[in-house]
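Trainee: I would like to see how this sequence folds:
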Amino acid sequence: MSDQRFTQDMTVDQAFALHAGARRVFARFHLGGCSNCAISETHTIAGISEDYGIPLPMLLDSLNALFDGGTLSVGDKVRIPDEIRSKIPQLANVPEIGEITSVEHGAYMAEFGEVRLQGLAEDFVPVEATATKAS
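Mentor: The predicted structure is shown next:
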């Protein structure tokens, strides 16, 4: 995915299609959540920068960092982070270890027994990383 990048001329809709994490990045800048900070899917990234006073390099760096983060592959064993598991009572009986079953636009589907969860790479902990930390 290293050749994919967000650009200033890209629309919000194109950004959402390029990487599932784009919504979270916009949300971190308090964009798109309420009527005062709503953004149109036809708005360009440069337009958002100008209209909301967010430095364009900062916004683009934050979006493009989505491609620099950890990645998972189909078949990887993962677990749900303890801080997420402890906050959601319905996850108490979900198996500890799951498996990535699909990847699309930066969004991962993981199966934990009968339960399927979707999220970004940051929403799952690779089992190998956990085992390494314990050593």
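Trainee: Domain-wise, how is this structure divided?
Mentor: 12-67, 77-134 (automatic domain parsing).
Trainee: Nearest the middle, which residue of this structure would you pick?
Mentor: Gly21 (3.3 Å; C-alpha atoms, centre = their mean).
Trainee: Check which helix or strand Glu99 maps to.
Mentor: strand 97-104 (DSSP states H and E).
Trainee: what does that strand contact?
Mentor: For strand 97-104, the external contacting residues (C-beta atoms under 8 Å, 6 or more residues apart in numbering) are 20, 72-80, 108-113, 115-117, 124, 127. C-beta: built from backbone N, CA, C; applies to glycine.
Trainee: Can you select the buried ones from the residues you listed in PyMOL?
Mentor: Those of those that count as buried under 16 or more other C-beta atoms under 10 Å are selected in PyMOL with:
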select buried, resi 20+72+76+77+78+79+80+108+109+110+112+117+124+127
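Trainee: Among the contacts of strand 97-104, which lie within strands?
Mentor: Members of the contacts of strand 97-104 lying in strands (criterion: DSSP state E): Lys77, Val78, Arg79, Tyr108, Met109, Ala110, Glu111, Phe112, Val115, Arg116, Leu117.
Trainee: contacting residues for the nearest residue to the second one once chain neighbours are set aside?
Mentor: If you skip the residues right next to it in sequence, Val78 has Phe124 as its closest partner in space, 3.9 Å away by C-beta to C-beta, 6 or more residues apart in numbering. Residues touching Phe124, when contacts are defined by C-beta under 8 Å, 6+ apart, comprise Leu72, Val78, Arg79, Ile80, Pro81, Gly98, Ile100, Tyr108, Ala110.
Trainee: Then Leu59?
Mentor: Val25, Phe29, Ile45, Ile48, Ser49.
Trainee: The last one touches Leu63, doesn't it?
Mentor: No: Ser49 lies out of contact with Leu63 (C-beta atoms under 8 Å); the separation is 11.0 Å.
Trainee: Those two: who's more crowded?
Mentor: Taking neighbours as other C-beta atoms under 10 Å, Ser49 and Leu63 compare with Leu63 leading, 21 against 18.
Trainee: Format the CA atom coordinates belonging to the helix or strand harbouring that one as PDB.
Mentor: Element membership of Leu63 [criterion: DSSP H and E] is helix 56-64. Taking C-alpha atoms only, helix 56-64 is exported to PDB below (Å, rounded to 0.1, in the frame of the first residue of the first chain):
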ATOM      1  CA  LEU A  56      -2.600  21.200   5.200                       C
ATOM      2  CA  PRO A  57       0.700  19.500   5.900                       C
ATOM      3  CA  MET A  58      -0.500  18.400   9.300                       C
ATOM      4  CA  LEU A  59      -3.800  17.000   7.900                       C
ATOM      5  CA  LEU A  60      -2.000  15.200   5.000                       C
ATOM      6  CA  ASP A  61       0.700  13.800   7.300                       C
ATOM      7  CA  SER A  62      -2.000  12.400   9.700                       C
ATOM      8  CA  LEU A  63      -3.900  10.800   6.800                       C
ATOM      9  CA  ASN A  64      -0.800   9.400   5.100                       C
END
